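Asker: Sequence plus the predicted model coming up.
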Amino acid sequence: MSAATATPSTASKPLKLTSTSQTLPHGHLDYVLDMAFDYYGRRFATASGDRTVRVWDLNSDGLWASSSLGSGGGNTNSSHTNEWQAHRGAVHRISWAHPEFGQLLATAGADHSVVIWEEREGGFKSLATPERSADGFLDTNNTTNTGSAGGTGEGASRWVNKATLSDARRAVTSVEFAPRHLGLRLASGSADGVVRIYEALDTMNLNHWKLEAEIEEDNQDGNQGHQRMSSNHVQDISSNENMGVSSLSWCAGRFEPATLVVGFSSGRVSIYRYNDGKRSWLEAIRLPSHTTSNGVPRGVLDVAWAPNVGRSYHLIATCGKDNQLKVHRVKRGRGVKQGDADNSGGGSQSSLVYEGTEVLDQSQAWRCQWNVTGTVLASSGDGGMVKLWKSDFQGRWKCVSEIVGDTTGVAAATAAFHK
């Protein structure tokens, strides 16, 4: 970790958490396409179609404060919120690295690139955070700005572009840092149908990243008994859904080899696992696809691998354009011995065995995410509602809570910001 890496300013202050929701004018000029909390849940970042990224901090009162949006002016509890233009197109996804490696963000953009950002302290000039121009967008021609949208004081932090990974041939649609025990790695998925694995060659010098592997979508049948997609069904997929990789998620199990679940715009959901013997990524399981009742493939919108805390099996949530939210159960199988078809050379490696799938919801869910223990699943759609799902003692999933967003005053706050 670089010595210049910044840490959250609220790290040493006790928090006074509120029991009510807080409505935040996000300040972006387009839709917010993604948001992600950091490891401790005391910061979050938003990515928008207006090409910018904004980072928020939790203040000592337990409120998300933003000095750049007029949330305090002279309010001493208001933390600096950084805003900068991250890409030349829409920012599709954003991910935080484990804090062991510093305050790092990875952003995936429509400009075919993944950018690695590092937070640093100090009042130096940065081209990563230009001021807004007269039309409201960030002015990339202004190089005299000292940095963040939250202020230009000596104590303000800045986000610096450490590396730009431009191997994708089309828009990058997803990105996620690997779990801590796998080192400083990240996976990105793009509309060209390829998942790319990168590794930082030196965690003290984040300018150099190695492309470790490329995983391409294999249209051949796996060994899980799924039927091959007919030509008629392939033609039923609209051009708008031909977007390759739509989402991905790492397996966080410490006793598992590097493993990913990947969702494709074709409706396919595949689990890929690194094989030490072959030194390559192989498809371990092909989970049930997201299709309509008559078998027409529909795109996968999100996938989420649940943290494994004391379970002998894994849970994976997926949601798609077929208006279905699913939870797949996968257990750890016997090790594959040397000489087997799945593992040529070099010892044994555990396998994964598909156990079953349960459909939780038939209404459209756009995103899904697990809590830190992997016991509660949250799903959200375009209706302004977040549903929380939990499994009972018999293993049946039920909706235990519905959270409706309070939109009162949002329009007025947004109008006030744009004045």
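Answerer: On my side now, so go ahead. Numbers count the residues shown, from 1 in each chain.

Asker: which regions of the stretch 101-250 of the chain sit below the pLDDT cut-off?
Answerer: 122-156, 219-242 (pLDDT under 70).

Asker: Tell me where it has strands.
Answerer: Using DSSP state E, counting those that start in this stretch, the strands of the stretch 101-250 of the chain run over residues 104-109, 114-121, 157-165, 172-177, 185-190, 194-202, 205-216, 245-250.

Asker: What is the first one packed up against?
Answerer: If I follow you right, that is strand 104-109. Contacts defined by 3 or more Cβ pairs under 8 Å, 6 or more residues apart in numbering; DSSP states H and E place strand 104-109 against strand 52-58, strand 91-96, strand 114-121, strand 172-177, strand 185-190. For the C-beta atoms, the positions are set from N, CA and C on the backbone; glycine is no exception.

Asker: quick one: contacts of the third one?
Answerer: Contacts of strand 114-121 from elsewhere in the structure, counted by Cβ atoms under 8 Å, 6 or more residues apart in numbering, are 2, 4-6, 53, 55, 82, 86-87, 102-109, 128, 155-165, 168, 172, 175, 186, 188, 198, 206, 209.

Asker: And the buried ones among the residues you listed, selectable in ChimeraX?
Answerer: To isolate the buried members of those in ChimeraX, using 16 or more other Cβ atoms under 10 Å:
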select :2,5,6,53,55,82,86,87,102,103,104,105,106,107,108,109,128,156,157,158,159,160,161,162,163,165,168,172,175,186,188,198,206,209
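
Asker: So for residue 256, what's the nearest residue that isn't a sequence neighbour?
Answerer: For residue 256, ignoring the flanking residues on the chain, the nearest one in space by Cβ to Cβ, 6 or more residues apart in numbering is residue 350 at 7.2 Å.

Asker: Could you check how far the one you found is from residue 327?
Answerer: According to Cβ to Cβ, to the nearest Å, residue 350 and residue 327 sit 22 Å apart.

Asker: Which one's more surrounded, the two?
Answerer: Between residue 350 and residue 327, counted using other Cβ atoms under 10 Å, residue 327 has the larger neighbour count: 20 against 14.

Asker: who does the helix or strand hosting that one pair up with?
Answerer: Assessed by DSSP states H and E, residue 327 sits inside strand 325-336. Strand pairing for strand 325-336, determined by DSSP bridges: strand 313-320 (antiparallel), strand 349-361 (antiparallel).

Asker: now these as CSV including distance to residue 59 and mean pLDDT?
Answerer: Below are these laid out as CSV (distance: least, Cβ to Cβ, whole Å; pLDDT from 0 to 100):
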stretch, distance to residue 59, mean pLDDT
strand 313-320, 32, 95
strand 349-361, 35, 88
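
Asker: how about JSON lines for those, with distance to residue 60 added?
Answerer: As requested, the strands paired with strand 325-336 are exported to JSON lines (distance: least, Cβ to Cβ, whole Å):
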{"stretch": "strand 313-320", "distance to residue 60": "34"}
{"stretch": "strand 349-361", "distance to residue 60": "38"}
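
Asker: Check those for me and report the most buried one.
Answerer: Comparing the strands paired with strand 325-336 by mean neighbour count (mean count of other Cβ atoms under 10 Å), strand 313-320 ranks first with a mean of 24.

Asker: So the residue nearest to residue 256 is in contact with residue 332, correct?
Answerer: Yes - using Cβ atoms under 8 Å, residue 350 makes contact with residue 332 at a distance of 5.4 Å.
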